[in-house]
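**Q** let me see the structure of the following:
(chains A and B)
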There are 2 protein chains.
Amino acid sequence: SWSALDSPLVGRSASVLQRMDHRSVSSVTIPPPACMLRPLEVPMRYLFGPGPSNVPPRVLASGSRPIIGHLHPEMYEIMNDIKKGIQYAFQTENNMTISMSGSGHAAMECAVFNVVEPGESVLVAVNGIWGERVAEIAIEKHKPVLFFLTHGESSAGLCHPVDGIGDICRKHNCLFLVDTVASLGAAPIFMDKQKIDILYTGSQKALNAPPGTAPISFNDRACYKMFNRKTKPISYLFDMTHLSNYWGCDGNTVRAYHHTGPVSGFFALRESLAILAEKGLEESWRKHKEVSAYLYKGLEDLGLKLFIPDRDLRLPSVTTIAIPEGYDWREMLGYIMKHHQMEMTGGLGPSIGMVMRIGLMGYNCEKTNADKALHALADALKNCKKSKA
Amino acid sequence: SWSALDSPLVGRSASVLQRMDHRSVSSVTIPPPACMLRPLEVPMRYLFGPGPSNVPPRVLASGSRPIIGHLHPEMYEIMNDIKKGIQYAFQTENNMTISMSGSGHAAMECAVFNVVEPGESVLVAVNGIWGERVAEIAIEKHKPVLFFLTHGESSAGLCHPVDGIGDICRKHNCLFLVDTVASLGAAPIFMDKQKIDILYTGSQKALNAPPGTAPISFNDRACYKMFNRKTKPISYLFDMTHLSNYWGCDGNTVRAYHHTGPVSGFFALRESLAILAEKGLEESWRKHKEVSAYLYKGLEDLGLKLFIPDRDLRLPSVTTIAIPEGYDWREMLGYIMKHHQMEMTGGLGPSIGMVMRIGLMGYNCEKTNADKALHALADALKNCKKSKA
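**A** Reported below is the predicted structural model:
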């Protein structure tokens, strides 16, 4: 047993090993790398792509506050604030509301690892718009325990309608998981009213915190499934049994050590959620709608074609434009970065080569920034036109 | 197929759904939480526990630099710096050297998920000191594919000898995984010379970065095992096929999007590794040895008993003392926090109720800090003595 550690036996065998340790390997052979003797260089950039977006000074400053311990009572208070801030942002009363110590992808794996057991099916909506009828047919056919939908599909610049799908999932005893990484704060979502069982987002889009934390919430249906499973989740790090204790959601007054949360990242997330609470969700949604409409108009004035024809389906945080004829999208993006210190991006996955993406999210969501983006695009259109072969 | 997205059909069905979306759920019912309308409060603390430790101003400042995109060329340069900084800190030439976007625990799961397949065994050293002979017997008996040893066992304050064990693992075709979360930079480790196949650490101990990143390195033996497996790792997030591409370790010139790394966390990690490179490993090891010896003397002068009797086995970053008779350890720690704004901690797991732990790591590793810790302990010894019942 572990208590043998303090026995005289340990002392003896250890002395032998300790001498061995000093036998052969006591000198450094790999020198300090030259690159590390140069200063850190970080250029200033307008981050007008699909995220991360620029972080406002208040959030940056909070992330550079001297840290405290991950298990200090003051840290628990900050985590409680975060929990309440997420409940507001998600429009949910779910007790089981936390932040992952990781990216949005960590939240996605957390959701799947906890509610799905070996042998069970997951249905993922990937082909364009899933209507209620399509969803019902697919759920009947595949009998998934989990249906996964992305609310803000940033690769296409599309905001997927959510209403009605939660009802179908309940009818078929399936959990409804929604990814709002690219949409939260920019387009309305109502976790409770829309009967979403698990919802997550990322910190680095409209919330304007640095990447590295990811709010997630589970309702009672999701909790029932994940806390009544027969097998343990494969990942200890993502096991909600432990994470719910770490976040004070399990009713236990003692929080045990599980992993060391990103203390500075939580400071920043707390402030980004506070900014959203101060501004208000309705105002944030209104602003994204207003600025994106202003951007659409400016893009059309430049002769550019919006990729999503139906205006009501466009994602207000990330706008996709079809690549104009006679231009190489990589050249245009490179030109804009070089001459305007501004990130716009190409497509992602299936939309590569089809679109360019402009994100104006949260702190970046201002008409003056739309003007900057339009100015940069106009300049690229003027200077990047390919000569006819 | 996905290209159906742009079809007129999508436009039609979408309009119906969009109208539905506006049908019932368009108003916010959960108000902004009152706690979020208060300022962020973060007290100043001496973090003299087993970690996280205080972050120096230079590292804090780097983490609050305006961010850039996770896929920008300048970010790749910073990641390349980090890679070289880790190679130096680990004393390895392994190409497959990266940082996890997560805590040390994420690095541990990454190691296990990638090199172990279903049905294979892992042997974990948990019972005190593992001599070469004990290790060989256990490896012969259990035939593990992976042997896991913690170099700096911070729960006991013990630094485990490593020499010789790598040879045994090779003889038995087993990979040797070493956790140096609590020891890196404080006690010598030589990944290549000590034949360690996988090594990882955390950012928040002697490296003095905020928690949230975790260096890890795999040698050729580990790479051969993980890239020749029959099944895919269960976690996409931790799959080294993707992570090695993200970190430019797979020979591919194009880095694909996998997850969004903690940009600010990488800035901070880069600076913490730069500080170690500037100071030098030997000096860092010497300093930890010197300051811990100074602390031992001061503790003994206070009449306290060191928990690890063999001085050569003590972990230089975290010192454990036996709880003095006639004292309640929780009361002492609470007193020290209240009156000295200083964190020391109790035990962890099996050492709870047996020890108190004092960590002086990296930036905190100074005789002046040892003096502060000793002064606080002396004060607690004076004021927390229990009256005899």
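
**Q** now the strands for the stretch 201-350 of chain A?
**A** Here the stretch 201-350 of chain A has its strands, by DSSP state E, counting those that start in this stretch, at A:214-218, A:318-322, A:342-343, A:345-346.

**Q** who wins for proximity to chain B among these?
**A** Taking Cβ to the nearest Cβ, strand A:342-343 is the member of the strands of the stretch 201-350 of chain A nearest to chain B, at 5.5 Å. Yep, even glycine has a C-beta here, placed from its N, CA and C like the rest.

**Q** just checking, residue A:381 touches residue A:302?
**A** Yes - the pair residue A:381 / residue A:302 is scored as a contact, 6.4 Å apart, by Cβ atoms under 8 Å.

**Q** now the host helix or strand of residue A:74: how far from the chain's centre is it?
**A** Using DSSP states H and E, residue A:74 falls within helix A:73-90. Put simply, helix A:73-90 sits 17 Å off its chain's centre (Cα atoms, centre = their mean, to the nearest Å).

**Q** what comes up buried for the longest helix along chain A?
**A** Among the segments of chain A that qualify as a helix by DSSP state H, the longest is helix A:281-301. Across helix A:281-301, burial judged by 16 or more other Cβ atoms under 10 Å in any protein chain shown covers A:281, A:284-285, A:287-289, A:291-292, A:294-296, A:298-299.

**Q** chain center to that helix, what's the gap?
**A** With Cα atoms, centre = their mean, you get 22 Å for helix A:281-301.

**Q** mean confidence for that helix?
**A** In this model, helix A:281-301 has an average pLDDT of 98.

**Q** check contacts around the residue nearest to residue A:266 when sequence neighbours are not counted.
**A** Leaving aside its chain neighbours, residue A:266 sits nearest to residue A:78 (5.9 Å; criterion: Cβ to Cβ, 6 or more residues apart in numbering or on different chains). Listed by Cβ atoms under 8 Å, 6 or more residues apart in numbering or on different chains, the contact set of residue A:78 reads A:266-267, A:270, B:40, B:42.

**Q** in CSV: those, plus neighbour count, pLDDT and distance to residue B:222.
**A** Listed next are the contacts of residue A:78 as CSV, based on neighbours: other Cβ atoms under 10 Å in any protein chain shown; pLDDT from 0 to 100; distance: Cβ to Cβ, whole Å:
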residue, neighbour count, pLDDT, distance to residue B:222
A:266, 28, 98, 32
A:267, 25, 98, 35
A:270, 27, 98, 38
B:40, 17, 97, 42
B:42, 20, 97, 39
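
**Q** dump those residues to JSON lines, plus distance to residue B:145.
**A** Shown next, in JSON lines, are these (distance: Cβ to Cβ, whole Å):
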{"residue": "A:266", "distance to residue B:145": "36"}
{"residue": "A:267", "distance to residue B:145": "40"}
{"residue": "A:270", "distance to residue B:145": "42"}
{"residue": "B:40", "distance to residue B:145": "46"}
{"residue": "B:42", "distance to residue B:145": "44"}
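
**Q** and the residues you listed, which is closest to residue B:124?
**A** residue A:266 (30.2 Å; Cβ to Cβ).

**Q** surely the closest one and residue A:215 touch.
**A** No - Residue A:266 lies out of contact with residue A:215 (Cβ under 8 Å); the separation is 11.1 Å.

**Q** circling back: tell me the confidence at the residue nearest to residue A:266?
**A** The score at residue A:78 is 98. That number is its pLDDT.

**Q** report the separation between the spatially most central residue of chain A and residue A:248.
**A** With distances taken as Cα atoms, centre = their mean, the residue of chain A nearest its centroid is residue A:202 (2.1 Å). Computed as Cβ to Cβ, to the nearest Å, the residue A:202 to residue A:248 distance reads 23 Å.

**Q** which neighbours do residue A:266 and residue A:215 have in common?
**A** Contacts common to residue A:266 and residue A:215, judged by Cβ under 8 Å, 6+ apart, are A:82, A:99.

**Q** what angle separates the helix holding residue A:74 from strand A:214-218?
**A** Taking axes from the mean of the first three to the mean of the last three Cα atoms, to 10 degrees, one finds helix A:73-90 and strand A:214-218 inclined to each other by 70 degrees.

**Q** now do the buried residues in helix A:73-90.
**A** Buried residues in helix A:73-90 (16+ other Cβ under 10 Å): A:75, A:78-79, A:81-90.

**Q** chain B: which of these is nearest?
**A** Lowest distance from chain B to those (Cβ to the nearest Cβ) belongs to residue A:84, with 3.7 Å.

**Q** contacting residues for that closest one?
**A** B:33, B:35-36.

**Q** contact residues of the stretch 151-300 of chain A facing chain B?
**A** With the criterion set to Cβ under 8 Å from any Cβ of the partner chain, the stretch 151-300 of chain A comes near chain B through A:156, A:158, A:161-164, A:188, A:190, A:192-194, A:202, A:204, A:210-212, A:234-237, A:257-265, A:267-268, A:270-271, A:273-274, A:277-278, A:280-282.

**Q** which of the residues you listed are buried, as a PyMOL select command?
**A** Once 16+ other Cβ under 10 Å is used to decide burial, the buried members of those can be selected in PyMOL as follows:
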select buried, chain A and resi 156+158+161+162+163+164+188+190+192+193+194+202+204+210+211+212+235+237+258+259+260+261+262+263+264+265+267+268+270+271+273+274+277+281
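
**Q** which ones among the residues of the stretch 151-300 of chain A next to chain B lie within helices?
**A** Short answer: these in helices (DSSP H) are A:263-265, A:267-268, A:270-271, A:273-274, A:277-278, A:281-282.

**Q** can you redo the residues you listed as CSV with distance to residue B:140?
**A** Shown next, in CSV, are these (distance: Cβ to Cβ, whole Å):
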residue, distance to residue B:140
A:263, 43
A:264, 46
A:265, 44
A:267, 50
A:268, 50
A:270, 52
A:271, 55
A:273, 54
A:274, 58
A:277, 60
A:278, 64
A:281, 62
A:282, 67
